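Trainee: Need the 3D shape of this:
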Amino acid sequence: MPTRHLIQLAKCSLMGAVLTFTISSSAFAQLPGSGITVQPGQINVDGENFQTIIVMKGLERLGYDVKPVQNAKYPALHIAAANGDITFIADHWYPLHTAFFDKAGGGEKLSRGEAMISNCAQGYLIDKKTADQYGITNIGQLKDPEIAELFDADNDGKADLAGCPPGWGCERVIEHQLDTFKLRDTIHHNQGTYSAIIADTIPRYREGQPVLYYTWTPYWVSGVLVPGKDVVWIEVPFSALPDNRTTDTTLSNGKNYGFEVNGQYIVANKSFVENNPAAAKLFELVRVSPNAISAQNLKMQEKGEGTWEASVRHADAWIRANQKTFEGWIEKAIAAAR
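Mentor: The predicted structure is shown next:
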């Protein structure tokens, strides 16, 4: 081949390489999160991994450098987000965590948009056999020492309530209600590690023993102890919430289980949200159904499926199954940054 042709080919190859590099660099530069670090935060509860990872995956697609999640209890997480030590949490329960939000600086330092997960319930449950046998429908009935003693697991004469660990928010409601309903003398609130508490409760149920516990949905526990079949929700005597709140917790069906219906929200550092319209739009758009959360949480109880790495696999599978929706979030988030 003549030398001039070789030179021409070399020039074309070089121009192609430059063009390819320019296009690639341009495409990379167009990602709104390029060069920006994001630090997720989360309470150390494996049932909250799934939605956190989905948000992290969305931020990564937007070009953000997403660091491994940092774990802390809810009060500390809200303060850290307000101070910018973490960027966001995806497991803020509203209105349950209102006090944590407000004490961290409220709307001046934190951003809270629309509910990512809606219709989250909480409350007290007992095994159906004991409920039917003794006609127990309300936790107020446990003021009767003979009724309370049915749920005594450690022979101290009090009912043992598998409850809520400190720093979660639910413990504040339970503690307030034990005082308000005058149940301190007959109920002991077990506030150890929830996974350990519930791991003790389920075998006792399977052995035919009465059980009394707090839980929430969406969560895997109600996939193992099924309300209406294995266990029943029990009501409270009347609405009673901490911080002098007067909200009526009665549901539309007339039942009062003592807790407000909550949504789970993304709470983020306000300055970050104001300076990152793409991330702000993503936070606004992300939605995950309670059924998807419950199914993933239940899968985590299978052998080898309870790790963070397994939750990443589950999130990837959910994204693949909801690809059109997920890509729609990304497209709108990128458009918001233009």
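
Trainee: tally of neighbours for residue 319?
Mentor: The number of residues packed near residue 319 is 17, by other Cβ atoms under 10 Å. For glycine as for every other residue, the C-beta is placed from the backbone atoms N, C-alpha and C.

Trainee: in the stretch 1-150 of the chain, which segments are predicted with low confidence?
Mentor: Within the stretch 1-150 of the chain, the stretches with pLDDT under 70 are 1-29.

Trainee: And the strands in it, which stretches?
Mentor: With DSSP state E, counting those that start in this stretch as the criterion, the stretch 1-150 of the chain has strands at 37-38, 40-42, 65-66, 70-71, 88-94, 110-127.

Trainee: So which of the ones you listed is the most surrounded?
Mentor: Highest mean neighbour count of the strands of the stretch 1-150 of the chain: strand 88-94, a mean of 24 (counted as mean count of other Cβ atoms under 10 Å).

Trainee: Put the alpha carbons of that strand into CSV.
Mentor: These are the backbone C-alpha positions of strand 88-94, laid out as CSV (Å, rounded to 0.1, in the frame of the first residue of the first chain):
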residue,chain,number,x,y,z
PHE,A,88,-29.6,10.8,52.8
ILE,A,89,-31.6,8.1,54.5
ALA,A,90,-34.3,6.1,52.8
ASP,A,91,-36.0,4.8,55.9
HIS,A,92,-37.5,7.9,57.5
TRP,A,93,-41.0,7.0,58.9
TYR,A,94,-43.4,9.9,58.9
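
Trainee: Compute the inter-axis angle for it and strand 110-127.
Mentor: Counting by axes from the mean of the first three to the mean of the last three Cα atoms, to 10 degrees, strand 88-94 lies at 50 degrees to strand 110-127.

Trainee: re earlier: mind giving me a markdown table with the strands of the stretch 1-150 of the chain and columns for distance to residue 213?
Mentor: Output for these, formatted as a markdown table (distance: least, Cβ to Cβ, whole Å):
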| stretch | distance to residue 213 |
| --- | --- |
| strand 37-38 | 36 |
| strand 40-42 | 23 |
| strand 65-66 | 35 |
| strand 70-71 | 24 |
| strand 88-94 | 18 |
| strand 110-127 | 6 |
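
Trainee: so what's residue 262 up against?
Mentor: Applying Cβ atoms under 8 Å, 6 or more residues apart in numbering, we find residue 262 in contact with 93-96, 120-122.

Trainee: give me that answer again for 6 Å
Mentor: The neighbourhood of residue 262, defined by Cβ atoms under 6 Å, 6 or more residues apart in numbering, consists of 93, 96, 120.

Trainee: between those residues, which is closest to residue 278?
Mentor: Taking Cβ to Cβ as the measure, residue 278 lies nearest residue 93 of those, at 25.7 Å.

Trainee: if I look at the closest one, how far off is residue 162?
Mentor: Noted for residue 93: a distance of 19 Å to residue 162, by Cβ to Cβ, to the nearest Å.

Trainee: One more: residue 278?
Mentor: In this view, residue 278 and residue 162 are 42 Å apart by Cβ to Cβ.

Trainee: residues making contact with stretch 275-283?
Mentor: 32, 58, 62, 113, 266, 273, 329, 332-333, 336-337.

Trainee: Stretch 194-213 now?
Mentor: With contacts defined as Cβ under 6 Å, 6+ apart, stretch 194-213 is touched by 125-127, 130, 150-151, 159, 161-162, 165, 190, 221.

Trainee: Just the ones of those residues in helices?
Mentor: 130, 221 (DSSP state H).

Trainee: Would you reformat the contacts of stretch 194-213 as CSV and include distance to residue 236?
Mentor: Shown next, in CSV, are those (distance: Cβ to Cβ, whole Å):
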residue, distance to residue 236
125, 13
126, 13
127, 18
130, 18
150, 18
151, 16
159, 15
161, 13
162, 17
165, 21
190, 19
221, 20
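
Trainee: Now flag whichever of the contacts of stretch 194-213 is closest to residue 311.
Mentor: Closest to residue 311 out of these is residue 221 (17.2 Å), distances taken as Cβ to Cβ.

Trainee: Is the residue lying closest to the closest one once chain neighbours are set aside in a helix, a strand, or coil?
Mentor: Distances taken as Cβ to Cβ, 6 or more residues apart in numbering put residue 215 closest to residue 221, at 4.7 Å, once the chain neighbours are dropped. Classification of residue 215 by DSSP: H, G, I helix; E, B strand; the rest coil places it in strand.

Trainee: any chance you could map the helices in this protein?
Mentor: 3-30, 49-61, 74-83, 98-103, 128-134, 145-148, 170-180, 194-206, 221-224, 270-275, 277-285, 290-299, 308-321, 323-336.

Trainee: Just the buried positions in stretch 71-87, please.
Mentor: Neighbour-count burial for stretch 71-87, with 16 or more other Cβ atoms under 10 Å as criterion, is recorded at 72, 74-82, 86-87.
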